[in-house]
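Asks: What follows is a predicted protein model with its sequence.
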Amino acid sequence: MSQRHSNDSLPIRINAIEMQFVFHDILLKLGFEEQRAKICAEVFTQNSLDGVYTHGVNRFPRFIKYIKEGYINSHQVPEMKSSFGCIEQWDGNLAPGITNALTSTERAMEISKSHGMGCVALSNTNHWMRGGTYGRHAAKAGFVFIGWTNTTANMPAWGSSESKLGNNPFVIAVPYHSDAIVFDAAMSQFSYGALESHQLKGEQLPFPGGFDQAGELTTDPATILQSQRLLPIGYWKGAGFSLLLDILATILSNGLSTHEIAKGKTEYGLSQVFIAIDISKLSNQSGIASAVSAIIDDLHQSARQDESKQILYPGERVLQVREKNIKEGIPVMRSVWNEITGQN
């Protein structure tokens, strides 16, 4: 089921069914309950199928490491702490970030059916992997989704030489035909996962992504990972956006802020927000699909600077990558797959 190469520097191709089976089997052996093991294995595999390897197959070894070290409690489940109107505060109890996020998304959707909008603010949780997973999940069910998470401190305020901000990924998703338009972006020019991926491949970044120890912009991922000084998107604008996302996640969830998370040895105990809007309740709901289609049609008609490059809406490239990976298998660095399967 896998295509093998003799050169360890080249990726191998792993069939999605095989990958999901391996993930599922490992999680069961670690004591995961069957359904939770299935959900986590599916999400890691789907992220990999969609080309988000940094929060799929490449992230799986760290996920296992955090379980073994006790940062992720596979036996816990999230619980509601308080409710007021369309807002609920939940405690994630350090359960797996994936299942916590899916539970929170589903609950926000349920609340929005009664109130038009639902908000679940989640404290004490773990990395949700790809935030777009939950945006696409809600949007494919007919809801608009807005969500974000804070992180440990890994990005400086504009003009500072010290990382005090998180790169705090932010997600917006809207229903579109049978799938969704999904904007999923960290507040840094490149996510930590993207830096690690480029480093693993021995590649430079296509644009400056952070600062070196001397405060100079660099395209070297290893240097940025060492300095832990990511470049905010839009410079001061991204830094300000990050700060407000952290403040809102903290006060809405009554959870930890970025500067408190940064006191720990690793990134856990995060605060997240999940908002769902039931657009079927809107007076113009019958015309929403055609309005969105018209906007995307207009976007696709944009004049191209390079005729070989398509103008795509957020998340559209994922569909193309997914189709290729289904046919050819998911590309994985041999060293990563060996680590996962226990090969030497």
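Replies: Done, it's in. Numbering: from 1, shown residues only.
Asks: At which residues are the strands of the chain located?
Replies: Ranges of strands in the chain, per DSSP state E, are 2-3, 11-14, 79-84, 87-91, 117-125, 143-149, 155-156, 163-165, 170-176, 179-185, 210-211, 217-218, 270-278, 330-333.
Asks: Could I get the buried residue list for the second one?
Replies: By neighbour count on 16 or more other Cβ atoms under 10 Å, the buried set for strand 11-14 is 11, 12, 13, 14. (Glycine included, C-beta is placed from N, CA and C.)
Asks: For the strands of the chain, give me a markdown table that also has mean pLDDT and distance to residue 109.
Replies: Shown next, in a markdown table, are those (pLDDT from 0 to 100; distance: least, Cβ to Cβ, whole Å):
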| stretch | mean pLDDT | distance to residue 109 |
| --- | --- | --- |
| strand 2-3 | 44 | 37 |
| strand 11-14 | 94 | 33 |
| strand 79-84 | 98 | 15 |
| strand 87-91 | 98 | 12 |
| strand 117-125 | 98 | 7 |
| strand 143-149 | 98 | 5 |
| strand 155-156 | 94 | 31 |
| strand 163-165 | 95 | 30 |
| strand 170-176 | 98 | 12 |
| strand 179-185 | 96 | 14 |
| strand 210-211 | 93 | 36 |
| strand 217-218 | 95 | 41 |
| strand 270-278 | 98 | 4 |
| strand 330-333 | 96 | 29 |
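Asks: okay, those in JSON lines with distance to residue 51 next?
Replies: As requested, these are exported to JSON lines (distance: least, Cβ to Cβ, whole Å):
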{"stretch": "strand 2-3", "distance to residue 51": "18"}
{"stretch": "strand 11-14", "distance to residue 51": "12"}
{"stretch": "strand 79-84", "distance to residue 51": "35"}
{"stretch": "strand 87-91", "distance to residue 51": "31"}
{"stretch": "strand 117-125", "distance to residue 51": "25"}
{"stretch": "strand 143-149", "distance to residue 51": "20"}
{"stretch": "strand 155-156", "distance to residue 51": "24"}
{"stretch": "strand 163-165", "distance to residue 51": "27"}
{"stretch": "strand 170-176", "distance to residue 51": "17"}
{"stretch": "strand 179-185", "distance to residue 51": "12"}
{"stretch": "strand 210-211", "distance to residue 51": "23"}
{"stretch": "strand 217-218", "distance to residue 51": "25"}
{"stretch": "strand 270-278", "distance to residue 51": "23"}
{"stretch": "strand 330-333", "distance to residue 51": "9"}
